[in-house]
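In: I'd like to go over a predicted model; first the sequence, then the structure.
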Amino acid sequence: MHHKNIATFLLSCLLLTSQYATAAINIDRTRIIFPGKDKSVSLVINNQSKTSPYLAQSWIENSEGKKVSEPFTVLPPMQRVEPGVKNQIKIIKTEGINQLPQDRESLFYLNVREIPPTSEKENVVQIAIQSRLKMFYRPATIINDSDKVWAKDLKISRTGSKLTLDNPSKFYITLGYLSNNEKGNFPGFDSVMISPLSQETVTVPTSPFAKLYLGYMDDYGGLKMLTYNCTAVTCQLSAENK
């Protein structure tokens, strides 16, 4: 029992340490749009450490979180980044791209794991920090529609404490803010991503509210706000946002 308690304590300390650890490898964006007309997309990674080289391991996962090599591959899958130096990661589409839906976006994830150099000191825990970015494949057939604010087309209905967000568009819509005021999110709400032509349900307070403030993420990762006027059963985009 004594050893079990120690192990639990050490694991808790490690998790606490990793929570506050700072990444050395920085990526030049927070999300990736892969246009269907392009053969590849390049990103810049920067080793912010001034003293230590790091290895950067990169790979792609599908929407279920499974590592894949089709229809995208990453070059180089592993690279050394010297202190204070910027390198590139290139995401390349393969022939398997034709298997994806061409009438809507598809979701993938780019993972970049930084591997620190081996410490010369004894009893030092090395933490490999991993960044995970959403990557949206945007087919050429819908690329001309991407400038529209599709979040404005959300159909929002309410039943008691459940708010249903219906996305009729061909694009992923990610909400980072949802509240009946501008002081903070509804309790328990963090974020929600709504797939194309689908819907998600979130929990809201049962008390009535006349306004709904909704923040969506744009292509650059910025939070943009919209305001809705609400009744007991539905919310409509306010005239000032149309």
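Out: That came through fine. Just so you know, these numbers come straight off a predicted model, no measurement behind them. Numbers count the residues shown, from 1 in each chain.
In: got phi/psi on residue 194?
Out: With angles defined as degrees, to the nearest 10, residue 194 sits at phi -110, psi 120.
In: check contacts around it.
Out: 154, 165, 167, 172, 173, 174, 175, 200 (Cβ atoms under 8 Å, 6 or more residues apart in numbering). Placement of C-beta: from N, CA and C, glycine included.
In: next one: phi and psi at residue 66?
Out: phi -90, psi 130.
In: next one: it relative to residue 109, how far apart?
Out: As judged by Cβ to Cβ, to the nearest Å, residue 66 and residue 109 stand 10 Å apart.
In: contacts only, for residue 53.
Out: 47, 80, 81, 82, 83, 117.
In: ok, so of the contacts of residue 194, who is nearest residue 37?
Out: residue 172 (18.8 Å; Cβ to Cβ).
In: that closest one contacts residue 193, correct?
Out: Yes. If you go by Cβ atoms under 8 Å, residue 172 and residue 193 touch, sitting 6.0 Å apart.
In: of the two, which one has the most company?
Out: Between residue 172 and residue 193, counted using other Cβ atoms under 10 Å, the more crowded position is residue 172 (22 against 14).
In: so who does that one touch?
Out: Counted by Cβ under 8 Å, 6+ apart, residue 172 has contacts 105, 107, 134, 136, 193, 194, 195, 196.
In: 10 Å instead, please
Out: By Cβ atoms under 10 Å, 6 or more residues apart in numbering, the contact set of residue 172 is 31, 63, 104-107, 134, 136, 138, 150, 193-196, 198, 217.
In: also residue 97?
Out: Residue 97 is in contact with 34, 36, 39, 70, 71, 72, 106, 137, 139, counting by Cβ under 10 Å, 6+ apart.
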